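Undergrad: below is the sequence, then the predicted model.
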Amino acid sequence: MKLKQWIDVALVCSVIALVGCTSKHKPQDELAINDANSAYTDEGSQSSGLGEDTKFGDQQGTHLAANRTYYFDFDSNVVHDEDKPAISANAEKLAANPSSKAMLEGHTDPRGSREYNIGLGERRAKAVAQILAEKGVNRNQVRVVSYGAEKLASSGHSEADYQRDRRGVLVYLQQ
Amino acid sequence: MLFFPQAETRDKGIHMRKILIGIVLMAGWLVSHGSFAMISMELTRGVAGAIPIAVIPFQGADEAPQNISKIIGNDLQNSGRFKVASQPTDNTVIGKVQSLGNGRYEISFKLLDALQGKGATALSQHYTVSEHELRAIAHHISDLVYQHLIGVKGVFSTKLAYVVVQKTPEQTRYLLEVADQDGYNPRPLLSSPEPIMSPAWSPRGNQIAYVSFEHRQANIYTQNIITGARTLVSNYPGINGAPAWSPDGRKLALVLSKSGSPNVYVMDIASRHLTQITNDFYINTEPSWSPDGRSLLFTSNRGGGPQIYQVNLANRAISRLSYDGNYNARASYTADGSHVAMIHSVAGVYSIAILDLDTGVVRVLSNKSTDSASPSVAPNGSMILYDTVLGGRNVLGMVSSDGRIQLILPARNGEAQDPAWSPFLG
């Protein structure tokens, strides 16, 4: 019963990991998998892992890096903590391949002055660029461009729409 | 005819979208093609003390393809200062159209002033024009009538520049258009798959500066209205934005973030020499020249949120102009320098407001929606053109400087935004 429960926990955690949970579940997964495996090995054979390409850490990394849109609060350019793992995962990708190039777009919601929003959008894109640089990405790999309120994510005018508009977007130009 | 050369650029290893640059061949700027309006005007509120005026259909009107008296009547009615009737009243405009053959017409008109006596003529003019000048001459007559009765120069012969956004499921297209002040004769100056913003007329109205993202970054161009020829004037790394022509037409104030954050600069157009005006790490943007060319208004968040400041170009002294409300931006002077129009926000409602520089009083003018922006003052100071959201669509609006007259100008071919009123032309 205890083993089955551990396997259930491992399966549930891997599903959560696939939709982007934090990495603090990772050590439990690996322990659980090893526990599960050891129950099925013969006495004379060596235990083995499930193989390189099924390492949960890398799958998480790939899934994290797939998140390239980061949202901001009203009138703010502070990066949300929950976006930092995804930004780091992308930083790793960029740093690992110094010839790759990307663009960081900064966007705002449509309220107020268009040119002031260009300034706000640039601050958002630069906040993300700063994290990339701190994680070892060369500054000339990433071009910052602010679109202000000129390329809205949403055509509506509700608070929910405005939330979708306030974003920084990482766009890979060349890998 | 409109002619759109297509420019296709490919960068090695990078897939670039086709860039469609529309440049207008200006063989006859005044040619009207079937005279339809891309921007339609709806007067939503007129002034209570409107002057009654009758505009009688011109004699021989069917000799010409444009209905002169109808254009004059619409001009005067839409100004909100006149109540146009079809029966003679105290003020009556009458006229005559005569075809001279070869596409030439003789247009004559009279403004009758009943108060001076039966048949007394306050104004009387006649003109010989070609077919493509018919709308223009009608607007000119409106200007004369307006000036005579109101005492202020009319703006019926001015033009509007604005951006039209056309969204389909496949793509979004941006057009920079110029139309007559009544929305007729729209002409695209630029067509692009990337945003266009901040059109700004040169002081004599022969050029427009604007920001284009066609190279996937913000660059400033100037474009000749007549020839369509354009020049890239600013493509520094980072922001290139908010171009504004000096009153003598020789300089552009603009915003660059190459210093690390947006600052205001002045560029000498001939030499491209830059002078940095603000030098800090705030957002400084939207420079706007005083009528004497000696100072700039600009928007800055150095006080916490966006407010209006003034900088003296000689000694760089900066003083704050706006204190009312937590968000004030995009300021511009009326031509006589007595008032400043701006975006003004209180409690999350963004309106167009006008600040009286003598009294310091801010009056909110627009009341149509919670999100109005991009104010542009008419050259006679009587009206302010702006963009707003109505029924979920971006439309242009006009409001008189006392707030009493309101018009809505929706575009028929998309959503309109970011307008600029031309100076008095030719």
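TA: Looks like it arrived, so ask away.
Undergrad: rest of the way, CA atoms for contacts and neighbours
TA: OK.
Undergrad: part of a strand, is A:Val145?
TA: Yes. Counting by DSSP: H, G, I helix; E, B strand; the rest coil, A:Val145 is found in a strand.
Undergrad: element containing the closest residue to it other than its chain neighbours, please.
TA: Leaving aside its sequence neighbours, A:Val145 sits nearest to A:Glu105 (CA to CA, 6 or more residues apart in numbering or on different chains; 5.0 Å). Secondary structure assignment for A:Glu105, by DSSP states H and E: strand A:101-107.
Undergrad: packing partners for that strand?
TA: helix A:114-134, strand A:142-148, strand A:167-174 (3 or more CA pairs under 8 Å, 6 or more residues apart in numbering or on different chains; DSSP states H and E).
Undergrad: what comes up buried for that strand?
TA: Residues of strand A:101-107 classed as buried: A:101-107 (neighbour count, 16 or more other CA atoms under 10 Å in any protein chain shown).
Undergrad: will you turn the residues you listed into TSV that also has pLDDT?
TA: Output for the buried residues of strand A:101-107, formatted as TSV (pLDDT from 0 to 100):
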residue	pLDDT
A:Lys101	95
A:Ala102	96
A:Met103	96
A:Leu104	97
A:Glu105	98
A:Gly106	98
A:His107	98
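Undergrad: next up, the contacts around the residue nearest to A:Val145.
TA: With CA atoms under 8 Å, 6 or more residues apart in numbering or on different chains as the criterion, the residues that contact A:Glu105 are A:121-122, A:125, A:144-147, A:168-171.
Undergrad: that older thread, sheet-wise, list the partners of the strand holding A:Glu105 with their directions.
TA: As defined by DSSP bridges, the strand partners of strand A:101-107 come to strand A:142-148 (parallel), strand A:167-174 (antiparallel).
Undergrad: which parts of stretch B:316-336 are buried?
TA: For stretch B:316-336, by 16+ other CA under 10 Å, it's B:318, B:321-322, B:326-335.
Undergrad: from those residues, which two are the most distant?
TA: Farthest-apart pair in the buried residues of stretch B:316-336 is B:Asn326 and B:Ala335; separation 26.4 Å (CA to CA).
Undergrad: and B:Tyr146, how far from B:Ala48?
TA: 17 Å (CA to CA, to the nearest Å).
Undergrad: neighbour-wise, which of the two wins?
TA: Comparing B:Tyr146 with B:Ala48 by other CA atoms under 10 Å in any protein chain shown, the one with more neighbours is B:Tyr146, at 21 against 12.
Undergrad: wait, that one touches B:Phe156, no?
TA: No. Contact status for B:Tyr146 versus B:Phe156: not in contact, 9.2 Å apart, counting by CA atoms under 8 Å.
Undergrad: in stretch B:118-137, what counts as buried?
TA: Using 16+ other CA under 10 Å as the test for burial, stretch B:118-137 gives B:121-122, B:128-137.
Undergrad: one step back: next, the angle helix A:114-134 makes with the strand holding A:Glu105.
TA: 140 degrees (axes from the mean of the first three to the mean of the last three CA atoms, to 10 degrees).
Undergrad: tell me, how many residues neighbour B:Gly392?
TA: Neighbour tally, B:Gly392, other CA under 10 Å: 10.
Undergrad: could you do A:Ser154 as well?
TA: By other CA under 10 Å, 15 other residues sit near A:Ser154.
Undergrad: SS state for it?
TA: Applying three-state DSSP: A:Ser154 is coil.
Undergrad: quick one, what contacts it?
TA: A:161-162, A:164-165.
Undergrad: what about the strands in the stretch 1-150 of chain B?
TA: B:6-7, B:19-20, B:42-45, B:51-55, B:82-85, B:91-101, B:104-113, B:121-130 (DSSP state E, counting those that start in this stretch).
Undergrad: who does the last one pair up with?
TA: Applying DSSP bridges, strand B:121-130 is found paired with strand B:104-113 (antiparallel).
Undergrad: quick one: contacts of the partner strand?
TA: Against strand B:104-113 from outside (CA under 8 Å, 6+ apart): B:64, B:90-100, B:119-131, B:141, B:145.
Undergrad: and B:Val399, what are its bridge partners?
TA: The partner residues for B:Val399, given DSSP bridges, come to B:Ile384, B:Gln406.
Undergrad: confidence score at it?
TA: We have a pLDDT of 93 for B:Val399.
Undergrad: A:Ala125 - nearest residue in space that isn't next to it in sequence?
TA: Excluding its sequence neighbours, the residue lying closest to A:Ala125 (CA to CA, 6+ apart) is A:Gly106, at 4.5 Å.
Undergrad: surely that neighbour is in contact with A:Arg123?
TA: Yes. Counting by CA under 8 Å, A:Gly106 touches A:Arg123, with 7.4 Å between them.
Undergrad: and the biggest helix by length in chain B with strand B:121-130, angle?
TA: Ranked by number of residues, the top helix in chain B under DSSP state H is helix B:134-150. Helix B:134-150 runs at 160 degrees relative to strand B:121-130, counting by the same axes, to 10 degrees.
Undergrad: who does the closest residue to B:Ser99 other than its chain neighbours form a beta bridge with?
TA: In space, B:Ser99 comes closest to B:Tyr105 once its chain neighbours are excluded; the distance is 4.5 Å by CA to CA, 6+ apart. Beta-bridge partners for B:Tyr105, by DSSP bridges, are B:Ser99, B:Val129.
Undergrad: count the neighbours of the nearest residue to B:Leu134 once chain neighbours are set aside for me.
TA: Closest residue in space to B:Leu134, ignoring its immediate chain neighbours: B:Gln66 at 6.4 Å, by CA to CA, 6+ apart. Per other CA under 10 Å, the neighbour tally for B:Gln66 reads 19.
Undergrad: any idea how far B:Gly60 is from B:Gln66?
TA: B:Gln66 is 11 Å from B:Gly60, by CA to CA.
Undergrad: OK, contacts around B:Gly305?
TA: B:326-327.
Undergrad: spell out which parts of the stretch 51-200 of chain B neighbour chain A.
TA: Residues of the stretch 51-200 of chain B lying close to chain A by CA under 8 Å from any CA of the partner chain are B:195, B:198.
Undergrad: where does the stretch 51-200 of chain B dip in pLDDT?
TA: When residues are selected by pLDDT under 70, none of them lie in the stretch 51-200 of chain B.
Undergrad: close to chain B: what parts of chain A are there?
TA: Within reach of chain B by CA under 8 Å from any CA, chain A has these residues: A:111-116, A:118-120, A:144-146, A:150-151, A:156-157, A:173-174.
Undergrad: is it true that B:Ile188 touches B:Glu177?
TA: For residue B:188 the amino acid is Pro, not Ile. Yes. Contact criterion CA under 8 Å: B:Pro188 and B:Glu177 qualify, at 4.2 Å.
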